[in-house]
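show me how the following folds:
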Amino acid sequence: MDGDTLSVERVIKAPADQIFALLADAGKHASFDGSESVNHATEKSVPLEKGSTFGMAMRGRKETLFLPYRTTNTVIEYEPDHRIAWQTYGLGGLVGGRVWRYELAATDGGTLVRETWDVSQEKNKRMVISGSMPQRTADGMRATLDRIAGLVES
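Below is the predicted model:
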């Protein structure tokens, strides 16, 4: 972790617009979630733009006492084919504040995709960055980029 952020990246052999279209459809997030915590979007298909809000039904996991929960997410950064980020809250805004950001840049062989977990505005930051959570998050992010590659590479 570098301060309040943790990033992973990889080259995906697909154009940025194809990758961005996947990221900008909240209804498809469960298909590439490497943490396996996203169950489904609460709406069927949600094309995103700056200011959009969308809900996610999440699977229960050990860190949430195995209870399923829901999140509300707001798109706070949006630059088509280059950058998208959303801020996540749960329990009616009582917990959360972390930001999930994807940045895309053309490179030899495809698109360099960087996923960043930003906890600078997290309400429970000490709890979130303690123990094995950063390592589990990094592992999930790497798996996410692998799954995105599997969906868009031809």
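
do you know the pLDDT at the most centrally placed residue in the chain?
In the chain, the C-alpha nearest the mean C-alpha coordinate belongs to residue 100, at 4.5 Å (CA atoms, centre = their mean). Looking at residue 100, its pLDDT stands at 94.

now do the one 3 residues further on
pLDDT recorded at residue 103 is 98.

OK, contacts around it?
Counting by CB atoms under 8 Å, 6 or more residues apart in numbering, residue 103 touches 82, 83, 113, 114, 116. Every residue, glycine included, has its C-beta placed from N, CA and C.

can I assume the residue nearest to the centre of the chain sits in a strand?
Yes - counting by DSSP: H, G, I helix; E, B strand; the rest coil, residue 100 is found in a strand.

is the residue lying closest to it once chain neighbours are set aside part of a helix or strand, or is it coil?
Of all residues not flanking residue 100 in the chain, residue 86 sits nearest, at 5.8 Å (CB to CB, 6 or more residues apart in numbering). What three-state DSSP gives for residue 86 is strand.

so what sits opposite residue 86 in the bridge?
Beta-bridge partners recorded for residue 86 (DSSP bridges): residue 75, residue 100.

now residue 137: which helix or strand?
helix 133-152 (DSSP states H and E).

just the CA atoms of that helix, as CSV, please.
Only the C-alpha atoms of helix 133-152 are listed here, as CSV (Å, rounded to 0.1, in the frame of the first residue of the first chain):
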residue,chain,number,x,y,z
MET,A,133,-7.2,-6.9,4.0
PRO,A,134,-4.7,-5.0,1.7
GLN,A,135,-3.2,-8.2,0.5
ARG,A,136,-6.6,-9.8,-0.1
THR,A,137,-7.7,-6.7,-1.9
ALA,A,138,-4.6,-6.7,-4.1
ASP,A,139,-5.1,-10.4,-4.9
GLY,A,140,-8.8,-9.7,-5.8
MET,A,141,-7.8,-6.8,-8.0
ARG,A,142,-5.2,-8.9,-9.9
ALA,A,143,-7.9,-11.5,-10.4
THR,A,144,-10.3,-8.8,-11.6
LEU,A,145,-7.9,-7.7,-14.3
ASP,A,146,-7.4,-11.3,-15.3
ARG,A,147,-11.1,-11.8,-15.7
ILE,A,148,-11.5,-8.5,-17.7
ALA,A,149,-8.8,-9.8,-20.0
GLY,A,150,-10.7,-13.1,-20.3
LEU,A,151,-13.8,-11.3,-21.3
VAL,A,152,-12.4,-8.9,-23.9
